[in-house]
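Student: Predicted model follows, preceded by the sequence.
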Amino acid sequence: MSMVFIISAPSGSGKSTLVERLLATVEDVDFSISYTTRPPRGGEKDGEHYRFVDRQTFEAMRDRGELLEWAEVFGNYYGTPRSALDRARKAGHDLVLDIDVQGAAQLKKQLPEAVTVFILPPSRHELENRLRSRSLDDEAVIARRLRDASKEIRNYAAYDYILVNDQLDRAAEKLKAIFLAERCRKQRAEGIIQPILQSFEVERKDD
């Protein structure tokens, strides 16, 4: 059974870097590239960071039921394609999703077995420093991101795990440990367990 691993965080918390580290060090895991109607920024490339589409295309996908979840953030749509989960399941892979709190809440209703992780910055001051060091946003956008961060952080209790990104290497190792531990849960390991049990002539025990 494919595990769906949802990661959320306020903008500037280092979420994207942590996800990249996870994907680089764990096998048999896919990453769902979200669709968005916002324009690319910085060095973002279509099909690598996001799939960039216009509002008409996005709304058509939404109306056809092609999105697992979607939300409007800062006036732009973001959504997770259903096809990403279908491909992961066919390949026998797990799926990592990098989505905001709105999308995570939607997906948790559809997939209650999904594992959720919320990444926190060490403090508001540190988050502001990170946003400024990116040199991507003007003062108005930085102020808005900080306000939105305060709102998003209020949802931390809805997540299974809380990870403070105070030191990148340490946070990356913790995220990997959470992921691997979840893979070892009994209900996810049934396919591996059964042949071993059979070799010992041991019957499967139900909960």
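Tutor: Noted; the coordinates are in hand.

Student: Which stretches in the chain count as helices?
Tutor: Assigned by DSSP state H, the chain shows helices spanning 15-25, 55-63, 82-91, 101-110, 124-134, 139-153, 168-183, 190-199.

Student: which parts of the second one are buried?
Tutor: This means helix 55-63. Phe58, Met61 (16 or more other C-beta atoms under 10 Å). To be clear about C-beta, it is placed using only N, CA and C from the backbone, and glycine gets the same treatment.

Student: can you tell me how far the residue nearest to Tyr156 when sequence neighbours are not counted sits from His49?
Tutor: Closest residue in space to Tyr156, ignoring its immediate chain neighbours: Phe118 at 5.0 Å, by C-beta to C-beta, 6 or more residues apart in numbering. To His49, Phe118 is 21 Å away according to C-beta to C-beta, to the nearest Å.

Student: quick one, which of those two is more surrounded?
Tutor: Phe118 (25 against 17; other C-beta atoms under 10 Å).

Student: ok, that one touching Leu163?
Tutor: Yes: the pair Phe118 and Leu163 passes the contact test of C-beta atoms under 8 Å, sitting 7.2 Å apart.

Student: before we move on, the earlier item: ranked by average pLDDT, which of the helices of the chain falls at the bottom?
Tutor: Among the helices of the chain, helix 190-199 carries the lowest mean pLDDT, at a mean of 82.

Student: Tell me how far it lies from the chain's centre.
Tutor: 30 Å (C-alpha atoms, centre = their mean, to the nearest Å).

Student: Identify the residues contacting that helix?
Tutor: Defining contact as C-beta atoms under 8 Å, 6 or more residues apart in numbering, one finds that helix 190-199 is touched by Met1, Lys186, Glu203, Arg204.

Student: which two in these are spaced the farthest apart?
Tutor: Met1 and Glu203 (20.5 Å; C-beta to C-beta).
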